[in-house]
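Engineer: Dropping a prediction and its sequence here:
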Amino acid sequence: MHTNNNPASAQAHSAIVTLQGVSQTFPSRAGAPAVHAMGPITLDLRQGEFFSIVGPSGCGKSTFLEVLAGLTTPTGGEVLMDGKRVQGGIPDGVGVVFQEDASFPWLTVWKNITFGLKRNGVDQKIIKERAERALALTGLTAFRDSYPAQLSGGMRQRVCIARTLVMEPRLILLDEPFAALDQQTRLLMGDEVLNLWRATGATVVLITHALDEAAMLSDRVGVMSARPGRFIEIIETGWGRDRDSRIASSEEFGTLTAHLWSLLREESIRASQYAKAG
Ligand SMILES: Nc1ncnc2c1ncn2[C@@H]1O[C@H](COP(=O)(O)OP(=O)(O)OP(=O)(O)O)[C@@H](O)[C@H]1O
């Protein structure tokens, strides 16, 4: 475990995304004061890394992801992907999976997965190849003709992941995708996400409330402060690429999760004091 309080010092690695002084303030509404939700944040996301974000409730994690995805234009600073400014919508090469099950209930698994490619006019042969691969990677091959209502919550989340994978993103943004799942399913899904990460070579950014999930999955864990969210520490886990959920029984894992909790505990207390103060 290695901590780094200066995120900008990660320059030896090539960056897929660079955030320069990015912050977000939501304007006041109906007499309420403006909300400084996040930042300023300066950070390089490295090509091919698995980066998780933990932080107290309401600290600006989802806002961070929305800004990264180009869904919200930051009120300060800028986000660059491959050196180009991200704004006005999800850039090519970026896939987003949200917490809610966003599968289309009226479409089969196959049609859910191929929907985006068809809409983009991708060649039938390529659609078939990519969808078959995404089905295999997410373990859904036998369920291609099922409707979401016939699947468990974990499988429906896999449909959403498969739907993102067929677009062949280089950057995958996951906003608490396993929050609604039970603990065992979450651990298994964690292993699956690691497999996907290895198989695709994509850069993954994951928001999670579960410290064990962040500790197990990540190359780096960014710990956010109470609102306005900034990274108070970025921790290199030092796990190899071949890691899986069995790492959770190691001593280093215990040390890492304890460290994460010691950082988060104080921030969570501060966040709950803000909440009480309104
Ligand atoms: N569109 C908006 N307008 C006004 N305030 C907003 C808006 N979106 C978010 N906020 C506020 O910004 C702050 C950060 O919200 P955000 O959802 O990013 O936090 P979070 O860390 O993802 O929260 P949680 O852990 O509870 O999911 C919160 O105080 C929230 O109420």
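Structural biologist: Received it, and whenever you're ready, just let me know what you need. It should be emphasised that the depicted structure is a prediction, and the values quoted were computed from it without experimental measurement.
Engineer: Find me the pLDDT at the nearest residue to residue 230 once chain neighbours are set aside, would you?
Structural biologist: Nearest non-adjacent residue to residue 230, counting by Cβ to Cβ, 6 or more residues apart in numbering: residue 41, 6.0 Å away. Quick note: C-beta positions are derived from backbone N, CA and C, even for glycine. pLDDT, residue 41: 97.
Engineer: and residue 41, that's in a strand?
Structural biologist: Yes. Counting by DSSP: H, G, I helix; E, B strand; the rest coil, residue 41 falls inside a strand.
Engineer: is it true that it touches residue 17?
Structural biologist: No. Using Cβ atoms under 8 Å, residue 41 makes no contact with residue 17, being 11.5 Å away.
Engineer: More neighbours: the two, which one.
Structural biologist: Taking neighbours as other Cβ atoms under 10 Å, residue 41 and residue 17 compare with residue 41 leading, 25 against 21.
Engineer: Roughly how far does the more buried one sit from residue 23?
Structural biologist: 7 Å (Cβ to Cβ, to the nearest Å).
Engineer: Mind listing the shared neighbours of those two?
Structural biologist: Overlap of the contact sets of residue 41 and residue 23 (by Cβ atoms under 8 Å, 6 or more residues apart in numbering) consists of residue 77.
Engineer: sorry, back to before: bridged to the residue nearest to residue 230, which residues?
Structural biologist: Residues in a beta bridge with residue 41, per DSSP bridges, are residue 22.
Engineer: Next, the contact list for it, please.
Structural biologist: So residue 41 contacts 7, 19, 21-23, 64, 77, 229-231 (Cβ under 8 Å, 6+ apart).
Engineer: same check, this time on residue 211
Structural biologist: Applying Cβ under 8 Å, 6+ apart, one finds that residue 211 lies in contact with 54, 257, 260-261, 264.
Engineer: same deal with residue 179?
Structural biologist: Each residue near residue 179 by Cβ under 8 Å, 6+ apart is listed here: 99, 208-209.
Engineer: quick check, nearest of the residues you listed to residue 146?
Structural biologist: In terms of Cβ to Cβ, no member of those lies closer to residue 146 than residue 99, at 22.0 Å.
Engineer: was I right about that closest one contacting residue 174?
Structural biologist: No. If you go by Cβ under 8 Å, residue 99 and residue 174 don't touch, sitting 9.1 Å apart.
Engineer: Which parts of the chain are helices?
Structural biologist: Remark: helices assigned in the chain by DSSP state H are 61-68, 109-119, 124-137, 153-165, 183-200, 211-217, 251-277.
Engineer: wait, doesn't residue 118 sit right on residue 128?
Structural biologist: No. With contacts counted by Cβ under 8 Å, residue 118 stays clear of residue 128, the gap being 11.2 Å.
Engineer: Of residue 99 and residue 174, which one has the most company?
Structural biologist: Counted by other Cβ under 10 Å, residue 99 and residue 174 do not tie: residue 174 has more neighbours, with 24 against 16.
Engineer: and the more buried one, what are its bridge partners?
Structural biologist: residue 97, residue 206.
Engineer: contacting residues around it?
Structural biologist: 96-97, 193, 204-207 are the contacts of residue 174 under Cβ under 8 Å, 6+ apart.
Engineer: Among the helices of the chain, which comes closest to the ligand?
Structural biologist: helix 61-68 (3.3 Å; Cβ to the nearest ligand atom).
Engineer: what about that closest one, average pLDDT?
Structural biologist: Helix 61-68 comes out at a mean pLDDT of 94.
Engineer: Equivalent analysis for stretch 257-275, please.
Structural biologist: Taken as a whole, stretch 257-275 carries a mean pLDDT of 86.
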